[in-house]
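Visitor: here you go, sequence then predicted model.
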Amino acid sequence: LVFSKNQQKETPASIGNLVHIRQMWLDQNQLATLPPSIGRCVAVEELYLDDNRLTMLPMSICNMTSLRELWLHDNQLETLPNMIGNLKELKTLTLSHNRLQGIPDGYSGIGGCANLAEMWLKGNPLKRLPPELNTLTNLRVLLLP
C-alpha cells in the first residue's frame, strides 16, 4: 500500500482490514493520529510513517509483530508505546527529529527488540537512554542527539 505525499490528515479505521499487506507507505502526509485498527495489519513488515504530525502511536501498533522496519522520523512523537518490545523482528527504528524525552525501558520496552540493528534518535530532547541498549547485540547503528 503506497499512500505517500497525499496531504492526508487521517487514516480510515478500515485500514485494519488490510491484513495481508507487507509494506505500508503512509509517509509525507499530515497524519496526527493513527486508528487503533492499524494493529490488525499483522503481516506488515515495513511501515513508513515518517514526515507526518504524529504525537503518539496507538498501543495496538505493538501487535504488528512481523514489523522489521518502522520509520517514524520527522514527526512530533512525545512517547512510544510501553510494549514496543513486542516487536521482536524489528531491525530498523527511525525516531530522529521528534519530541521524545525517553525510550521505554525494560524488556517490554526497547530491550525486547533483540534483532534491532539500526536506531535513529538524533534531534530529540532525550533526558536518558534505557540501559537495555547495552543488551542489543545486533545494534550496529545508533544515531544520538
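Guide: Received, thanks.
Visitor: which strand or helix spans the most centrally placed residue in the chain?
Guide: Most central in the chain under Cα atoms, centre = their mean is residue 70, positioned 4.5 Å from the mean C-alpha point. Here residue 70 sits within strand 69-71, counting by DSSP states H and E.
Visitor: for the protein, what spans make up the strands?
Guide: Along the chain, counting by DSSP state E, strands occupy 23-25, 46-48, 69-71, 92-94, 118-120, 141-143.
Visitor: turn these into a markdown table, columns for mean pLDDT and distance to residue 107.
Guide: In short, each C-beta sits where N, CA and C put it, glycine included. Formatted as a markdown table, those follow (pLDDT from 0 to 100; distance: least, Cβ to Cβ, whole Å):
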| stretch | mean pLDDT | distance to residue 107 |
| --- | --- | --- |
| strand 23-25 | 96 | 27 |
| strand 46-48 | 98 | 22 |
| strand 69-71 | 98 | 18 |
| strand 92-94 | 98 | 16 |
| strand 118-120 | 97 | 16 |
| strand 141-143 | 95 | 19 |
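Visitor: what about the residue nearest to the centre of the chain, distance to residue 7?
Guide: Distance of residue 70 to residue 7, given as Cβ to Cβ, to the nearest Å: 23 Å.
Visitor: still on that earlier bit, who does the strand holding residue 70 pair up with?
Guide: Neighbouring strands of strand 69-71 in its sheet, by DSSP bridges, are strand 46-48 (parallel), strand 92-94 (parallel).
Visitor: so which of the ones you listed gets nearest residue 31?
Guide: In terms of Cβ to Cβ, the element of those nearest to residue 31 is strand 46-48, at 11.4 Å.
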